[in-house]
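In: A predicted structure for the sequence below; I have some questions about it.
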Amino acid sequence: MLMNLTRRTCISALLATALPGLRAQTPTNGIAVVDETWLDAARQRELSVKVRWPDAAARSGPLPVVLFSHGLGGTRKGGAVWGEAWAVAGFVVLHLQHPGSDLAAVRAVTNTFIDKPALSRAASPAQLLARLLDVTFALDEIGRRHAARQGRWGTVRTTQIGMSGHSFGAHTTLGMAGQRYAGFEGIDEPRLASFIAFSPSLPAAGDARQAFDRMTRPMLCLTGTLDTDVAGNNATPERRMAVFDALPAGDKAQLVLQHADHMTFAGQTGRAVEIVPRQQVTRDLQAAHHALVASISSDWWRATLLGDAAARGRLAAPQGLRQGDIWRQK
């Protein structure tokens, strides 16, 4: 059965079905992974990044780019499962690490990921703003490197970039998509054309529809029936699901996975996802859940960033949904 396959086998199998021409590939074939440190001189802030480069020999034309923002206490290793799949699908994937809300920052205030008061303090509005500025800087840096024809960055497409993130990274994603805040109009970044929010949640206060009213670009929201609060922000599966309902209609989609929890959507395996208590059923389904999310999210990028009609068609009725899973579009 699918749930008994390894993560890599599951992803390869589903991607081979979902993405024509990639049947013989695995998530590492032809993909170069590079760790770098980028300096935002204006803020004197160093960003650790991980870049996954697709096999250029198998592609033609400028390479599309997608960004991934980790959750509270994460690193540039976050979203590895998704990054592997997206690189196989032909995207340059930039994983950002956010100083001040990364693993080092959390370790400075607590030695456990179940200390919700400490985690809540670490996920402050100031840190969210710093993250939003990190993304703006990353977009500027991509543009600068492209204009200078710096290495492989000269081959990327700097318009219609995708933005994604998990948990605090989902808040970052919603913020870059145009969310408004009390006392802060927010950011409406025109270089970003499509978004994926893993484990998003409603604003802490105020009218969510008003906060989201200018988020008219494509947005895919992913959550699960066990996707509960892990950072003391009163998130519940219902509040996470309600993000989709509060978004303006027009190229929006939602995937709700039965028995998936918060760490299912972090895009990691092993000890990295065992930092909070989990149910055994969630562990048993993790490989299948990862494979399904990798397939659907890859098709989302291909449909919304590349205009891939076949991918758009697959999104009309995704393959691999299990009993209790929910797929909605509006």
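Out: Ah, there it is.
In: three-state assignment of residue 51?
Out: Using DSSP: H, G, I helix; E, B strand; the rest coil, the structure places residue 51 in strand.
In: pretty sure residue 268 contacts residue 80?
Out: Yes: between residue 268 and residue 80 there is a contact at 5.7 Å, judged by CB atoms under 8 Å. Every C-beta, even on glycine, is put in place using the N, C-alpha and C of the backbone.
In: Of those two, give the one with the bigger neighbour count.
Out: Neighbours per residue, other CB atoms under 10 Å: of residue 268 and residue 80, the larger number sits with residue 268, 24 against 21.
In: Angles on the backbone of that one, please.
Out: Main-chain torsions, residue 268, degrees, to the nearest 10: phi -140, psi 170.
In: got it, and residue 165?
Out: phi -180, psi 160.
In: Please name the nearest non-neighbouring residue to it.
Out: Distances taken as CB to CB, 6 or more residues apart in numbering place residue 69 nearest to residue 165, at 3.3 Å, with adjacent residues excluded.
In: Which pLDDT value goes with the one you found?
Out: You'll see residue 69 listed with a pLDDT of 98.
In: And stretch 318-328, end to end?
Out: 10 Å (CA to CA, to the nearest Å).
In: Which strand residues bridge the residue nearest to residue 165?
Out: residue 96, residue 165 (DSSP bridges).
In: From residue 258, how far off is it?
Out: 26 Å (CB to CB, to the nearest Å).
In: Just want to know which of the two has more residues nearby.
Out: Higher neighbour count among residue 69 and residue 258: residue 69, with 32 against 17, using other CB under 10 Å.
In: That one contacts residue 174, correct?
Out: No: counting by CB under 8 Å, residue 69 does not reach residue 174; the two are 10.7 Å apart.
In: Contact partners for the closest residue to residue 148 other than its chain neighbours?
Out: Distances taken as CB to CB, 6+ apart place residue 154 nearest to residue 148, at 7.7 Å, with adjacent residues excluded. Counting by CB atoms under 8 Å, 6 or more residues apart in numbering, residue 154 makes contact with 145-146, 148.
In: Go ahead and produce PDB holding the CA coordinates of stretch 88-98.
Out: The C-alpha trace of stretch 88-98 is given here as PDB (Å, rounded to 0.1, in the frame of the first residue of the first chain):
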ATOM      1  CA  VAL A  88      12.000  17.900 -10.200                       C
ATOM      2  CA  ALA A  89       9.100  19.800 -11.700                       C
ATOM      3  CA  GLY A  90      11.500  22.400 -13.100                       C
ATOM      4  CA  PHE A  91      11.500  25.200 -10.500                       C
ATOM      5  CA  VAL A  92      14.400  26.900  -8.800                       C
ATOM      6  CA  VAL A  93      13.600  26.600  -5.100                       C
ATOM      7  CA  LEU A  94      15.000  29.200  -2.600                       C
ATOM      8  CA  HIS A  95      14.600  28.100   1.000                       C
ATOM      9  CA  LEU A  96      15.000  31.100   3.300                       C
ATOM     10  CA  GLN A  97      16.200  31.100   7.000                       C
ATOM     11  CA  HIS A  98      14.900  33.900   9.100                       C
END
